[in-house]
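J.: Sequence and predicted model, in that order:
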Amino acid sequence: MSRFEALTGDNAVAMAMRQVNPDVVAAYPITPQTETVEFFAEYVADGLVNTEFICVESEHSAMSACVGASAAGARVMTATSSQGLALMWEIVYIAASNRCPIVMSLVNRALSAPINIHCDHSDIMGMRDSGWIVLFSENAQEAYDNIIQAVRIGEHPDVLLPVVVCQDGFVTSHGMERVEVFDDEAVKEFVGTYKPRYPLLDIEHPKTLGALDFYDYYYEHKRQQVQAMENATGVILAVAEEFNRKFNRNYGLFETYCLDDAEVAIVVANSTAGTAKVVVDRLRGEGLKVGLLKPRVFRPFPARELVEALKHLKAIAVMDRSISFGAMNNAGPLFLELVAALALHGVRVPIADYVFGLGGRDILPREIESVYRDLLRVAESGRVERLVTYLSVRE
Amino acid sequence: MAQLKGWKEIPIAGIILEAGNAVEYRTGGWRAFRPVRGEAECIHCFQCWLFCPDSSILVDAENEKMIGFDLDHCKGCGICARVCPVNEKVIRNAGTKLARDDARLCIRIVEEGRVKE
Amino acid sequence: MATKLIPKELAKRPDRLSPGHRLCAGCGASIVVRQMLAAIDAPVVIANATGCLEVATTIYPYTAWRVPWMHNAFENAASTITGIEAAYRSLVRQGKIPEQNVKFIAFGGDGGTYDIGLQALSGAVERGHQFLYVCYNNEAYMNTGIQRSSATPLGAHTTTSPAGEVIPGKQQKRKDLTMIMAAHDIPYVAQAAPSQWRDLMQKTRKAVDCGGAAFMNVLASCNRGWRHATDETVELTQLAVDTCYWPLYEVENGQWRLTYKPKEKLPVEEWLKRQGRFRHLFRPENRHLIDELQAEVDRRWERLLRLCGET
Ligand SMILES: Cc1ncc(C[n+]2csc(CCOP(=O)(O)OP(=O)(O)O)c2C)c(N)n1
Ligand code: SF4
Ligand code: SF4
Ligand code: SF4
Ligand SMILES: [Mg+2]
């Protein structure tokens, strides 16, 4: 019930979108997401989907139309990158607050200025508090699988939140990979039909959505969003389990690689995790006890589970592909959150942050190896010498 | 307002399921002036109904009669009196400027608290 | 058969906007909404931009709307309604919901339309969605406390174009948005005013039945911002029409038509002098602004007459 195709990440997402066959797609082109929009436009032109494709005049309108369509009762998808997401920002929050289970493919790209079309994670990190569920994908296959699962996660009655699926710009979006593509029927069956809770188009039962909400109720509505996020963790795991049963690929909140018996480990998301695996293999060949943790679910942040998986280590490095300017030690967001999680659970493992790859700067295996070698020294001394390292930036 | 509800008791997303429940909110208390029936005969033209910003002209739609004012909601803007063609005629016939609460009008605008009906 | 445009007939259907909303006494916005919605027999779904109308009609947990209604943000009522309309077409086409001849309407203030929402509006009508965008135009950002917009007329006092010792109110003339929308060459564009209610209702009907994107610019006085008594709303709107400051016309599939010609074109001063926002213009040193306003009105009126083949 599947076949293998050579696909780019953008194409793989478009393929998943075709198979999900959403009622409405509103999107605007931006490098490196553009191909997804182009592929999808072709599916529409060829009559391969039932989708109303709204070719909007901006990303702000893309997200606005998505929110309108989703509130109306439609299954809705979109895709963007970087500046496009930045322009959507205002409505990104509204999508989550209005409990619109929109699925968005985000092809991670650096934010201006200076303008740069290549990969880093500053775009997604800016929306981390917006109320969306955030999934990372190491490669085109995972992006494809995540998009399909995202539909089920977001639309679950206990969740009803939008979901963003990340993949690395160019590295994944434009790299050709062997991707297992499931049969259309199987995907259709997996995603099922969307049953909106309060569709605006239920004309006989007029509803008002988006009222002015003062101090007497705004907070209660935010509390409901917290609950939805809390519920999401279980739903994400349940959907992953069902996905595994049907499609035979296992997903969790994160992936571990040679972690159980490791003494030191790197935590890194998206495509760089793939590179890191190669390094782990090589160092393991030397008998070094190194491992890897690749986050999949960033929102809701699985703090307890992460700590459980990492607490036996003697040293941890987080590799952040963005900077939280002005935050503690100008570290990266992933690091900051993991440090908080460890502290909260009373786990004291030496931990350091390695910011890397901003604006698409290459990350080479030998650099990842150098991080592991740092970690092994920290494991021995028990002391972190430099809390935040900006890898491979020229002095 | 009724007892404030907890987050588990209200629908998600701030959605309001009771269409038009604003009628429960009485804006009549805002009124400094009040529309009152005057002596002139209403011709039931429904101009006042057409222009009232607060849907506060009560009509018997079946029998096509203007029957009064919804004082729970009327804010006393006085527009009904201004658009009433009978008022216009009364004023024209009087030949002078009439006070808004002149008894001869079809709709009079009277200061709240001074209403004698 | 469509309900006759006779108030007694129209009153037989319940109001689509309930009382209990919190617009100021005498606000023109709800008059526009009530009249327009009363003219439409079909079901409607509404998107509303942030602004007085939106804020005052839906204060949680209350809503004055008896029809499906949604507010998204300030500048995106047009894109929001196109999302809803696209969802409708998609779901109907797939047989997921029944076809019910639903009319899609967006309401936005002049700020949400002329200024911050212009791009979204332009894009939405260019895409040819079937919807009506209504700008209820009170010529300033009223909800935030009467700030200038590009619809604010020359010389008007607002809180961001105050009439000061040196600068007498707004220094720029208003943008002609109806013309800009007509230049989009969409099936229906019109300018209207609630004082001419039948004209407004007829235009509303044409707009929602035009089979594509429609735009209507409707003058809706704000007594707070314009500074006049609460009962003068309708009269002042009509004065704007009779001075040809706010001509009533439509552009139907490229055909321009004047829908109301004042018996006598009054000087714009007649309209200005009734509003506190223009009071400073009547000081001798500012009289030239009234002349400029009159010249603008005359020039635009002449151009409109030519376009409508009236000369
Ligand atoms: C993006 C954004 N900028 C500014 C505001 C603040 N704001 C809310 S309503 C409004 C003015 C509305 O003016 P208009 O559209 O003319 O409607 P009115 O209130 O006059 O009816 C402004 C500036 C906002 N809500 N969102
Ligand atoms: S005074 Fe104003 S609100 Fe009251 S009934 Fe007359 S028009 Fe309506
Ligand atoms: S009160 Fe005046 S405007 Fe109203 S129906 Fe009677 S005559 Fe007409
Ligand atoms: S401020 Fe003006 S536009 Fe806003 S509700 Fe009051 S009268 Fe209406
Ligand atoms: Mg305004």
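T.: Perfect, I can see it now. Note that the structure is predicted; figures quoted are calculated from it, not measured. Ligands and ions are numbered 1, 2, ... in the order given.

J.: Next, give phi and psi for the residue of the stretch 251-395 of chain A found nearest chain C.
T.: Closest residue of the stretch 251-395 of chain A to chain C, C-beta to the nearest C-beta: residue A:299 (22.3 Å). Every residue, glycine included, has its C-beta placed from N, CA and C. When read as degrees, to the nearest 10, the backbone of residue A:299 gives phi -130, psi 120.

J.: How about the backbone phi and psi for the closest residue to it other than its chain neighbours?
T.: Using C-beta to C-beta, 6 or more residues apart in numbering or on different chains and skipping residues adjacent in sequence, the residue nearest residue A:299 is residue A:134, 4.0 Å away. The phi/psi pair for residue A:134 (degrees, to the nearest 10) reads phi -120, psi 120.

J.: quick one on the thing from earlier: ok, the residue of the stretch 251-395 of chain A closest to chain C to residue C:189 distance?
T.: With distances taken as C-beta to C-beta, to the nearest Å, residue A:299 is found 45 Å from residue C:189.

J.: quick one: which of those two has more around it?
T.: Neighbours per residue (other C-beta atoms under 10 Å in any protein chain shown) separate residue A:299 from residue C:189, with residue C:189 holding more: 30 against 21.

J.: contacting residues for residue B:83?
T.: B:47, B:48, B:50, B:51, C:234 (C-beta atoms under 8 Å, 6 or more residues apart in numbering or on different chains).

J.: same deal with residue A:211?
T.: Residue A:211 makes contact with B:14, B:16, C:58, C:59, C:60, C:61, C:62, C:63, C:71, according to C-beta under 8 Å, 6+ apart.

J.: Tell me which entries of the contacts of residue B:83 lie within helices.
T.: Judged by DSSP state H, the subset of those located in helices is B:47, B:48, B:50, B:51, C:234.

J.: burial count for the third one?
T.: Which is residue B:50. For residue B:50, the neighbour count with other C-beta under 10 Å is 22.

J.: hang on, the earlier thing: my read: the residue of the stretch 251-395 of chain A closest to chain C touches residue A:124, true?
T.: No. Residue A:299 is beyond contact range of residue A:124, at 9.5 Å (criterion: C-beta atoms under 8 Å).

J.: Give the residues shared as contacts by those two.
T.: With C-beta under 8 Å, 6+ apart as the test, residue A:299 and residue A:124 both reach residue A:134.

J.: can you give me the helices in chain B?
T.: Listed in chain order (using DSSP H), the helices of chain B are B:47-51, B:79-83, B:85-94.

J.: Check the stretch 151-300 of chain C too.
T.: C:177-182, C:197-208, C:223-226, C:233-242, C:268-272, C:287-307 (DSSP state H, counting those that start in this stretch).

J.: Mean neighbour count, distance to residue B:40 and mean pLDDT for the ones you listed - can I get that in CSV?
T.: Shown next, in CSV, are the helices of the stretch 151-300 of chain C (neighbours: other C-beta atoms under 10 Å in any protein chain shown; distance: least, C-beta to C-beta, whole Å; pLDDT from 0 to 100):
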stretch, mean neighbour count, distance to residue B:40, mean pLDDT
helix C:177-182, 21, 40, 98
helix C:197-208, 22, 23, 98
helix C:223-226, 22, 26, 98
helix C:233-242, 22, 20, 98
helix C:268-272, 20, 28, 98
helix C:287-307, 16, 37, 98
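
J.: TSV for those helices, including distance to residue B:110?
T.: TSV is the format used below for the helices of the stretch 151-300 of chain C (distance: least, C-beta to C-beta, whole Å):
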stretch	distance to residue B:110
helix C:177-182	41
helix C:197-208	27
helix C:223-226	20
helix C:233-242	20
helix C:268-272	29
helix C:287-307	37
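
J.: Would you mind listing what in chain B touches chain A?
T.: B:1, B:4-7, B:10-17, B:19-20 (C-beta under 8 Å from any C-beta of the partner chain).

J.: Of the residues you listed, which ones also sit close to chain C?
T.: The subset of these lying close to chain C, counting by C-beta under 8 Å from any C-beta, consists of B:10, B:14, B:16, B:19, B:20.

J.: Now for the second one, how many residues are close by?
T.: By other C-beta under 10 Å, the residues close to residue B:14 number 25.

J.: That one contacts residue C:63, correct?
T.: No. Assessed by C-beta under 8 Å, residue B:14 is found out of contact with residue C:63, at 10.7 Å.

J.: Against residue A:147, how distant is residue A:269?
T.: For residue A:269, the distance to residue A:147 - C-beta to C-beta - is 17 Å.

J.: How about residue A:221?
T.: 28 Å.

J.: Below-threshold pLDDT in chain B: ranges please.
T.: B:1-2, B:116-117 (pLDDT under 70).

J.: Ligand 3 contacts on that one?
T.: B:42, B:43, B:44, B:45, B:46, B:47, B:48, B:66, B:84, B:86, B:106, B:107 (C-beta under 6 Å from any ligand atom).

J.: neighbour-wise, which of residue A:221 and residue A:147 wins?
T.: Neighbour count, other C-beta under 10 Å: between residue A:221 and residue A:147, residue A:147 has more, with 29 against 20.

J.: Remind me which helix or strand that one belongs to.
T.: Applying DSSP states H and E as the criterion places residue A:147 in helix A:140-155.

J.: which element follows that helix toward the C-terminus?
T.: With secondary structure assigned by DSSP H and E, helix A:140-155 is succeeded by strand A:163-168.

J.: In the sheet, which strands lie alongside that next one, parallel or antiparallel?
T.: Paired neighbours of strand A:163-168 in the sheet (DSSP bridges): strand A:103-108 (parallel), strand A:133-136 (parallel).

J.: tell me how far the longest one is from the chain's mean position?
T.: What it means is strand A:103-108. Its chain's C-alpha centre and that of strand A:103-108 lie 8 Å apart, by C-alpha atoms, centre = their mean, to the nearest Å.

J.: again with the last one
T.: Remark: strand A:133-136 is offset 3 Å from the chain centroid, using C-alpha atoms, centre = their mean.

J.: Show me the contact partners of that strand.
T.: Contacts for strand A:133-136 (C-beta under 8 Å, 6+ apart): A:124, A:127-128, A:142, A:146, A:149-150, A:153-154, A:159, A:161-166, A:229, A:232, A:236, A:269-270, A:294-300.

J.: and that strand, average pLDDT?
T.: Averaged across strand A:133-136, the pLDDT comes to 99.

J.: Now chain B against ligand 1: closest residue?
T.: In chain B, no residue comes nearer to ligand 1 than residue B:53, which is 13.2 Å away by C-beta to the nearest ligand atom.

J.: What is the burial count for that residue?
T.: Residue B:53 has 30 nearby residues by other C-beta under 10 Å.

J.: and what of residue A:178?
T.: With other C-beta under 10 Å as criterion, residue A:178 counts 11.

J.: quick one: it and residue A:3 touch, right?
T.: No. In this structure, residue A:178 is not within contact of residue A:3 by C-beta under 8 Å, at 10.6 Å.

J.: Tell me which two of the ones in helices among the contacts of residue B:83 sit farthest apart.
T.: B:48 and C:234 (10.8 Å; C-beta to C-beta).

J.: Most neighbours among the residues of chain B next to ligand 3, please name it.
T.: Going by other C-beta under 10 Å, residue B:48 tops the residues of chain B next to ligand 3 with 27 neighbours.

J.: what's the closest non-adjacent residue to that residue?
T.: residue B:80 (3.8 Å).

J.: Tell me the one among the contacts of residue B:83 nearest to ligand 5.
T.: residue C:234 (18.1 Å; C-beta to the ion).

J.: ok so, going back, okay, the residue nearest to residue B:48 and residue C:15: tell me how far apart.
T.: For residue B:80 relative to residue C:15 (C-beta to C-beta), the value is 15 Å.

J.: I'm done for today, thanks for sticking with me.
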